[in-house]
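Engineer: Everything below, folded, please.
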Amino acid sequence: MQAHSLRNKYRTQARKLMKDRKLAKYLDINNYNLSFEYYEDKYLKQGYKHDSLYKKILDSSTRSNKFVNKSLGII
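Structural biologist: A predicted model of the protein is given here:
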């Protein structure tokens, strides 16, 4: 749960530091931070349980968002 919380914290901080304020606001509205419980429910529905569930959430918290990266020209 801590990794997920840190990811949301750093995403928020990065957006506060963005020079392009319009883009930062757009990301806040359209790519907002989701709760730990959202991901817990999402992966439970995909069949993950116990340790594999939390490993999946941890793994996902360390990946960047490919859609956002592509839209920003990062990849």
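Engineer: And the helix or strand hosting residue 29, what's buried?
Structural biologist: Following DSSP states H and E, one finds residue 29 within helix 21-30. Buried residues in helix 21-30, defined by neighbour count with 16 or more other Cβ atoms under 10 Å: 24, 27. For glycine as for every other residue, the C-beta is placed from the backbone atoms N, C-alpha and C.
Engineer: what's the offset of that helix from the middle of its chain?
Structural biologist: 15 Å (Cα atoms, centre = their mean, to the nearest Å).
Engineer: And the next helix or strand past it?
Structural biologist: helix 36-45.
Engineer: Between helix 36-45 and the following helix or strand past that following helix, find me the angle.
Structural biologist: Going down the chain from helix 36-45, the next helix or strand is helix 50-61, by DSSP H and E. Taking axes from the mean of the first three to the mean of the last three Cα atoms, to 10 degrees, one finds that helix 50-61 is oriented at 120 degrees with respect to helix 36-45.
Engineer: can you pull the buried residues of helix 50-61?
Structural biologist: Going by 16+ other Cβ under 10 Å, helix 50-61 has these buried residues: 53, 54, 56, 57, 61.
Engineer: Which one of these is nearest to residue 10?
Structural biologist: Nearest to residue 10, judged by Cβ to Cβ, of the buried residues of helix 50-61 is residue 61 at 10.2 Å.
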